[in-house]
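> Just need the structure, nothing else, for what follows:
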Amino acid sequence: MRRFLFTSLILALAAVVHTDWHFARPTHHRLSLGWNQHWLFAGLAFGLVGWVVARTWPADVWRRGIVIATIALVLAQVIEPMAEVALDLHRIGYPSEPGRWTAFFVCIAAGLPSYCLALWWCRPTRSGRASRSLAPAA
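Residues are numbered from 1 along each chain as shown. Predicted structure coming up:
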């Protein structure tokens, strides 16, 4: 079950990066929003995935979290664009749009801190509560 969840989280995070690209790119493209605040979506979605990772693997949260994020980012920013060029343009290559990299770096600048904060803050302690509580200690 955890192997399926591991794979699902990789695919979900890769889908978040790809969806963020659709939110960010100019509206003259098909399926685009031209949304300047696309980083809000990235921060929220990365944080949600980080929360799931922290709650599922509390013992080795950082190792699992780094592996999930790395594979998802390679899948979303290297493999998917190359597949897009191969399927749409019928050639081997990589898209040469500078806007793609700009949107990706903005996505990462908002998403990775949110992801790391969720990994750190949301892992359970031995008593079962979240490790960092906003409520004062009783």
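
> how near is Gly17 to Trp121?
Careful, residue 17 is Val and not Gly. 22 Å (Cβ to Cβ, to the nearest Å). (Glycine included, C-beta is placed from N, CA and C.)

> should've said Arg25
32 Å.

> The two - which one has more neighbours?
Between Arg25 and Trp121, counted using other Cβ atoms under 10 Å, Arg25 has the larger neighbour count: 21 against 16.

> hang on, that one packs against Gly99?
Yes - Arg25 lies in contact with Gly99 (Cβ atoms under 8 Å); the separation is 6.0 Å.

> Quick one: the strands in the chain, in order.
Ranges of strands in the chain, per DSSP state E: none exist.

> Below-threshold pLDDT in it: ranges please.
When residues are selected by pLDDT under 70, those of the chain lie in 27-29, 31, 126-138.

> If we use 50, what do you get?
133-138 (pLDDT under 50).

> measure Leu9 to Gly111 for me?
The value you get for Leu9 to Gly111, if Cβ to Cβ is used, is 14 Å.

> the more surrounded of those two?
Each of Leu9 and Gly111 has its neighbours counted (other Cβ under 10 Å); Gly111 has more, 27 against 21.
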